[in-house]
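got a predicted structure plus its sequence, pasted below:
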Amino acid sequence: MLPKIDPTTTKSWAKLSELSAKETSISDLLKNSNRLDQFTFDFSDFHFDFSKNNLSSDVMQSLINLAEECGLKEGIKAMFDGDPINETESRSVQHVALRAREKEEVEKELRKVKSFTEKLHSGDWTGYSGKKITDIVNIGIGGSDLGPKMITYALRPYWKNVTPHFISNVDAAQTVETLEGLNPETTLFIIASKTFTTQETITNALSARSWFLENGGTKETISKHFVAVSTNEPAVTEFGILSENMFEFWEWVGGRFSLWSVIGLSIACAVGFDEFEKLLQGAKEMDDHFRTTETSKNLPIISAMIGIWYNNFKGYNSMAILPYDHRLRYLPSYLQQVDMESNGKYVDRSGNEVNYQTGPIIWGEPGTNGQHAFYQLIHQGTKIIPCEFIGIVNPAHKFSDHHEKLLANFFAQSEALLTGKSRSQVLNEVDDEADEILINSKIFKGNRPSTSILIKELNPFNLGKLIAYYEHRVFTQGLIWNIFSFDQWGVELGKQLSKPILKEIKENREGNHDHSTISLLKKFQSMRK
Ligand code: G6Q
């Protein structure tokens, strides 16, 4: 069980509220000669620089005290011990066990993944006409899509001889687009669904099966082209997938934390089992760090507590994730789910409504693209957006000129946010006729916070560490906010309401809704061809 402590009742919360009244300058904080010792960390191939954040050592100390007062250490122990900390679903939360590799059931499924991917890559697993599989399509959504997709594209240089594709949306436009370029003889579908009841996934799986049957496949050869990843064997068998072609996982693996389980089959198909194992090893290294390192040096905890400072004491309610790496382009959307589905909650662990902020809005885009789009607001907008920059030191390509330019921008952006541009600097730049409007528009106030993470190279091992870092940051913040991070009741209502509406649309009749919804439905029916 997790502790149930209202963070606002702690001494540290009161102290932090007091400290937050004082305006501080990050540039001044950086003049302190100990700043870098306290706020930068080397961790194997990583360098974390928290020094450009707007908080003093006193604030950091109070945040560390807050973590202690809220029972963080007990909470971490409860998760690693496999306690049923997902209380509203009566489940334990054991994605860390998938990385610890101590459970025989986990090993058994991994052996199955190994043998399957080996057969796929060697060409021993063939399609119905005897040809080698060239393309795999993962059909899944949410946790059964975002993680595998993000990792697979991040590991593009490691791809073997099978091209991965991902279908998630119930919008058939995505399905049609994906299937267009594929040959049913050489395509294998992975139906990835923990429950095997998800509307989008089952709809897409049925359409993929029809496409296969209409284009040369037969019922007898479905088993060569469809495999499933699920916890629901009866539903998988009913769909027509042989139980020997089903990869199993367990209810103690939450959807958005499941890429480490057989939900990662598409990753293993793309990069091979050995690389998938390295991903697990990397995450395990971060797990060990999170579980055993003292709070003041614990990377996910430091990062989480800085986020709490901004969200709860400074009123900064969003955070930008800015990877300077095209291969990490799906990281922001993946993190949106991990963070916002976990911590976007207003009911606390005692069932009461909280009177403080919980999960921030997470968003972002890779650099340098974002610079030409929304960075204006980050630099000169009325909102302060803490940014997390991620830079990869050694790219997998040989275009060093590109990479130097990319990284120069990576360094320049956090510097610009910090230092800004003063009136006197602007005056030096503009010609004498420049009016006040232009001068004021060119001033940057600076003092805008950021964290920079430098990673030696983007390999499976380091990627595993990076993702585990985020998972533990989310866990830590949810624990402090006294909410349940591992359920997601907030996604249910819309799903429920869509069921009667679907019936009404199909039967072309009106149901009982509010005036606006009725009018929208009527409009839809009248505009429909
Ligand atoms: C994640 C959520 C959710 C889930 C999808 C897919 O934590 O539970 O995003 O992963 O709804 O569910 P299935 O895997 O059961 O199809």
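Thanks, I have it. Numbering: from 1, shown residues only.

next one: whichever residue of the stretch 51-200 of the chain sits closest to the ligand from residue 331, what distance?
The minimum distance from the stretch 51-200 of the chain to the ligand, using Cβ to the nearest ligand atom, falls at residue 142 (2.1 Å). For glycine as for every other residue, the C-beta is placed from the backbone atoms N, C-alpha and C. Distance check for residue 142 against residue 331: by Cβ to Cβ, to the nearest Å, it reads 16 Å.

ok so, going back, can you pull the contacts of the residue of the stretch 51-200 of the chain closest to the ligand?
168, 198, 255, 256, 337 (Cβ atoms under 8 Å, 6 or more residues apart in numbering).

phi, psi for it please.
Backbone geometry at residue 142, expressed as degrees, to the nearest 10, gives phi 60, psi -130.

cool, and residue 89?
Backbone torsions for residue 89, taken as degrees, to the nearest 10, come to phi -120, psi 10.

shouldn't it be in contact with residue 489?
No. Taking contacts as Cβ atoms under 8 Å, residue 89 lies outside contact range of residue 489: 9.2 Å.

show me which of those two is the more surrounded one.
For the pair residue 89 and residue 489, the greater number of neighbours falls to residue 89 (15 against 11), based on other Cβ atoms under 10 Å.

contacts only, for the more buried one.
Counting by Cβ under 8 Å, 6+ apart, residue 89 touches 486, 487.

contact partners for the residue in the stretch 301-450 of the chain that the ligand sits nearest to?
Closest to the ligand within the stretch 301-450 of the chain is residue 341: 5.8 Å, counting by Cβ to the nearest ligand atom. Counting by Cβ under 8 Å, 6+ apart, residue 341 touches 256, 488, 490, 491.

widest-spaced pair of those residues?
Maximum pairwise distance among the contacts of residue 341 (Cβ to Cβ): 13.1 Å, between 256 and 490.

neighbour count winner among those two?
residue 256 (24 against 13).

quick one, strands of this protein?
Under the criterion DSSP state E, strands of the chain are mapped to 40-43, 46-49, 135-139, 163-167, 187-192, 226-230, 246-248, 318-324, 361-363, 387-394, 450-457.

just send the ones you listed back as TSV, with distance to residue 16 and mean neighbour count too.
Formatted as TSV, those follow (distance: least, Cβ to Cβ, whole Å; neighbours: other Cβ atoms under 10 Å):
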stretch	distance to residue 16	mean neighbour count
strand 40-43	22	14
strand 46-49	22	17
strand 135-139	44	24
strand 163-167	42	21
strand 187-192	42	25
strand 226-230	44	26
strand 246-248	45	20
strand 318-324	18	23
strand 361-363	22	18
strand 387-394	21	20
strand 450-457	19	20
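
how far away is the closest residue to residue 397 other than its chain neighbours from residue 273?
Take residue 397 and drop its neighbours on the chain: the residue closest to it by Cβ to Cβ, 6 or more residues apart in numbering is residue 403, 7.6 Å away. Using Cβ to Cβ, we find residue 403 at a distance of 30 Å from residue 273.

do the same with residue 301
From residue 301 to residue 273 the distance is 32 Å (Cβ to Cβ).

which of the contacts of residue 341 come close to the ligand?
256, 488 (Cβ under 6 Å from any ligand atom).

show me what from the stretch 251-400 of the chain comes close to the ligand.
Within the stretch 251-400 of the chain, the positions near the ligand by Cβ under 6 Å from any ligand atom are 254, 255, 256, 341.

OK, contacts around residue 373?
With the criterion set at Cβ under 8 Å, 6+ apart, residue 373 makes contact with residue 365.

oh, that last question was meant for residue 82, not what I typed.
Each residue near residue 82 by Cβ under 8 Å, 6+ apart is listed here: 92, 94, 97, 252.

how far away is the last one from the ligand?
The one in question is residue 252. Residue 252 is 13 Å from the ligand, where distance means Cβ to the nearest ligand atom, to the nearest Å.

residues in contact with residue 107?
residue 101.

please tell me how far it sits from residue 491.
In terms of Cβ to Cβ, residue 107 sits 32 Å off from residue 491.

what is the neighbour count of residue 173?
Neighbours of residue 173 under the rule other Cβ under 10 Å: 8.

just residue 146 next, same as before
For residue 146, the count of nearby residues is 24 (other Cβ under 10 Å).

what are the ranges of the helices in the stretch 401-529 of the chain?
Counting by DSSP state H, counting those that start in this stretch, the segments of the stretch 401-529 of the chain that form helices are 423-429, 436-441, 460-480, 492-507, 515-527.

most tightly surrounded among these?
helix 460-480 (a mean of 24; mean count of other Cβ atoms under 10 Å).

pLDDT (mean, whole number) over that helix?
Average pLDDT, helix 460-480: 98.

tilt between it and strand 318-324?
170 degrees (axes from the mean of the first three to the mean of the last three Cα atoms, to 10 degrees).

check contacts around the residue most central in space within the chain.
Residue closest to the average C-alpha location in the chain (Cα atoms, centre = their mean): residue 335, at 2.3 Å. Residue 335 makes contacts with 321, 362, 364, 470, as judged by Cβ under 8 Å, 6+ apart.

go with 10 Å
146, 150, 256, 319, 321, 323, 362-364, 388, 467, 470-471, 473-474 (Cβ atoms under 10 Å, 6 or more residues apart in numbering).

before we move on, back to that, what touches both of residue 256 and residue 490?
Common neighbours of residue 256 and residue 490, using Cβ under 10 Å, 6+ apart, are 340, 341.

got the contact list for residue 160?
117, 120, 121, 268, 269, 270, 271, 272, 275.

no no, residue 423
Counting by Cβ under 10 Å, 6+ apart, residue 423 has contacts 439, 440, 442, 443.

among these, which one sits closest to residue 103?
Nearest to residue 103 out of the contacts of residue 423 is residue 443 (Cβ to Cβ; 58.2 Å).

ok, that closest one touching residue 434?
No. Residue 443 lies out of contact with residue 434 (Cβ atoms under 10 Å); the separation is 11.9 Å.

common neighbours of the two, please.
Joint contacts of residue 443 and residue 434 (Cβ under 10 Å, 6+ apart) are 426, 427.

settle this for me: residue 71 is touching residue 480, isn't it.
Yes. Judged on Cβ under 10 Å, residue 71 makes contact with residue 480 at a distance of 9.4 Å.

name the residues contacting each of those two.
Shared contacts of residue 71 and residue 480, defined by Cβ under 10 Å, 6+ apart, comprise residue 5.

confidence score at the residue nearest to the centre of the chain?
98.

same check, this time on residue 406
The model reports residue 406 with a pLDDT of 98.

same question, residue 240
On the pLDDT scale, residue 240 gets 89.

repeat for residue 529
86.

how about the residues of the stretch 251-400 of the chain next to the ligand in JSON lines, adding pLDDT?
As requested, those are exported to JSON lines (pLDDT from 0 to 100):
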{"residue": "254", "pLDDT": "97"}
{"residue": "255", "pLDDT": "97"}
{"residue": "256", "pLDDT": "98"}
{"residue": "341", "pLDDT": "98"}
